[in-house]
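> Below: sequence and its predicted model.
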Amino acid sequence: MNSVNLSGVRAVVVGMARSGVAAVELLVKKGAQVTAVDQNPASNARLSELGAAVLPQTAASFQGAELVVLSPGVPADLDLLKGLCVIGDLELASWFMRGDIAGITGSNGKTTTTALTGHILRECGIAAQVGGNIGTPPCFMVDSSRDGQWNVLELSSFQLETTDSFRARVGAALNVTADHLDRHYTMENYVAAKGRLFRNQKTGDVAVLNADDVYTRGYAVETPADVRWFSSAHEVGGAWLCGSELVIDGEVLMPASEVPLRGVHNLENTLAAALIARVAGAKRSQIREAVKAFAGVEHRLEFVRELGGVFWYNDSKATNVDATLKAIAAFPGALWVILGGKDKDSDYSLLADSLKEKAHGVLLIGAAAKKIEDQLRGSVELIRSGTLAAAVEEAHRRAKAGDTVLLAPACASFDQFQNFEHRGREFKRMVGDLRP
């Protein structure tokens, strides 16, 4: 949709993190008259260069606005936005992005699958750039987009809920489990936000869906696209796990043992990435070699170090209960699990059985610690550590050779950290500083 004329349009961008700054820059390039708004207005060198002062988030800042662009972190139901034309930064970027879009969403696994898809395409000599909710904001990707190139985008529910005409040539939904209910309020709203990925697809487009997930199966009836299924449980029309082998279109892709990522959920992610890569023209043999060479994603079941026979893993990206369940399932047992952070209206009792089976104990941190303790009491030893630093020290004292210490918090990070990346980096620094 490259025909949108924004010249002279009075636009307000809300939220001045990286996505917001990228939206301001794109709007200025397209000739719009731009106002930047933030709850905590502060000077920004790049915005100053663009001639955009940051105003407070008050009604006066929206006066005369013909278009409002929200950063993903800004709720779309703010009273200040009533009666205004509101879109998100993803929708804005899609108006000008060249090349086909492969959009990947899911409660868990979308970062790994997006990074893996981009890696496979590039290893196969297929032009691709990667961004969205991972790395580069969509609006910063517009200038580097080209005809004949794939734009591989990780897409969150926050980005998708503010789309209107956005269309993905390939859309993939990996799974949908309870998450962000503090923002979406109901599971129905959350499922619907994810489903907007498929709303504007056309005949000949492709929807890659998890056949084992009740919600992703439901998206099949919402799109005219060709549906390609993946499954870790049974044969489907697409890609599946058959015993110890990954199969695509009835032919063996590779042995599961060659996938350099832990856990069945990462085999599912690999199947989804392989299906997307096939649509883009990659050959089976090329996909296999690319997957084998994939180094993984930072903060996603990332091995940090081995110290005195104890293995330390960073899964700071596990910001919801289902992600933590998948992380626990990736290990045989003997775990010390660090849980806690900012609650997202989650039910932590769902962790009880897995922890009872596989964990020596749980170290609790952050604002959600008491709620988690209340919901897990009686299932496993619970240690109130308070801070991540204290949890690392306590785990170091308790863990014995053969044990694994796993940071998989099941919570957002914003009570004690800037984001999950900051939390993961701090964990790795602390673990790196430990001495025998």
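Received, thanks.

> what about Ala367, distance to Glu393?
Here Ala367 is placed at a distance of 20 Å from Glu393 (C-beta to C-beta, to the nearest Å). Yep, even glycine has a C-beta here, placed from its N, CA and C like the rest.

> right, I mislabeled it, should have said Glu25
In this structure, Glu25 and Glu393 are 43 Å apart, going by C-beta to C-beta.

> More neighbours: which of the two?
Taking other C-beta atoms under 10 Å, Glu25 and Glu393 do not tie; Glu25 has more neighbours (22 against 15).

> Please give the element, helix or strand, for that one.
Of the helices and strands defined by DSSP states H and E, Glu25 is found in helix 18-29.

> helices or strands up against that helix?
strand 10-14, strand 33-38, helix 45-50, strand 67-70, helix 89-94 (3 or more C-beta pairs under 8 Å, 6 or more residues apart in numbering; DSSP states H and E).

> which outside residues touch it?
Contacts made with helix 18-29 from outside it, assessed by C-beta atoms under 8 Å, 6 or more residues apart in numbering, are listed as 6, 11, 13-14, 16, 34, 36, 38, 44, 46-47, 50-52, 69, 71-73, 89, 92-93, 96, 137-140, 142.

> which of those residues are buried?
Burial by neighbour count, judged by 16 or more other C-beta atoms under 10 Å, picks out 6, 11, 13-14, 16, 34, 36, 38, 44, 47, 50, 52, 69, 71-72, 89, 92-93, 96, 137-140, 142 from the contacts of helix 18-29.

> give me phi/psi at the residue lying closest to Gln39 once chain neighbours are set aside?
Across the structure, with C-beta to C-beta, 6 or more residues apart in numbering as the measure, the residue nearest Gln39 apart from its sequence neighbours is Gln57 (4.8 Å). Torsion angles at Gln57 (phi, psi; degrees, to the nearest 10) stand at phi -80, psi 70.

> any idea how far Ala22 is from Gln57?
Here the criterion is C-beta to C-beta. By it, Gln57 lies 19 Å from Ala22.

> Repeat that for Leu241.
With the distance defined as C-beta to C-beta, Leu241 ends up 38 Å from Ala22.

> Ser349 - nearest residue in space that isn't next to it in sequence?
With C-beta to C-beta, 6+ apart as the criterion, Ser349 has its nearest non-adjacent residue at 4.4 Å, and that residue is Gln375.

> wait, Pro409
Distance criterion C-beta to C-beta, 6+ apart; nearest residue to Pro409, sequence neighbours excluded, is Gly341 at 4.7 Å.

> ok, and for the lengthiest helix in the chain, which residues are buried?
Secondary structure assigned by DSSP state H gives helix 264-279 as the longest helix of the chain. Applying a neighbour-count criterion of 16+ other C-beta under 10 Å, one finds 265-279 buried in helix 264-279.

> For those, which two are the farthest from each other?
Pairwise distances across those (C-beta to C-beta) peak at 21.9 Å, for the pair His265 and Val279.

> Count the residues that sit near the residue nearest to Gln39.
Under the neighbour criterion other C-beta under 10 Å, Gln57 is assigned a count of 18.

> Over to Ala390?
Other residues within reach of Ala390, judged by other C-beta under 10 Å, total 14.

> same question, Asn419
15.

> measure the closest residue in space to it that isn't next to it in sequence to Ala390 for me?
Leaving aside its sequence neighbours, Asn419 sits nearest to Ser413 (C-beta to C-beta, 6+ apart; 5.8 Å). Applying C-beta to C-beta, the value for Ser413 to Ala390 is 16 Å.

> Over to Val431?
In this structure, Val431 and Ala390 are separated by 14 Å, where distance is defined by C-beta to C-beta.

> Repeat that for Ala272.
Noted for Ala272: a distance of 38 Å to Ala390, by C-beta to C-beta.

> what do you get for Asn133?
Applying C-beta to C-beta, the value for Asn133 to Ala390 is 31 Å.

> Go through the helix or strand harbouring Lys371 and flag the buried ones.
In this structure, Lys371 sits in helix 369-376 according to DSSP H and E. Of all the residues in helix 369-376, those buried under the rule 16+ other C-beta under 10 Å are Ala369, Lys371, Ile372, Glu373, Gln375, Leu376.

> Stretch 342-353 too?
When burial is assessed from 16+ other C-beta under 10 Å, stretch 342-353 yields the following buried residues: Lys342, Asp343, Lys344, Ser346, Tyr348, Leu350, Leu351.

> Ser157: which of these is nearest?
Sorting the buried residues of stretch 342-353 by distance to Ser157 puts Lys344 at the head of the list, at 11.9 Å, by C-beta to C-beta.

> Just give the nearest non-adjacent residue to that closest one, would you?
For Lys344, ignoring the flanking residues on the chain, the nearest one in space by C-beta to C-beta, 6+ apart is Asp182 at 5.0 Å.
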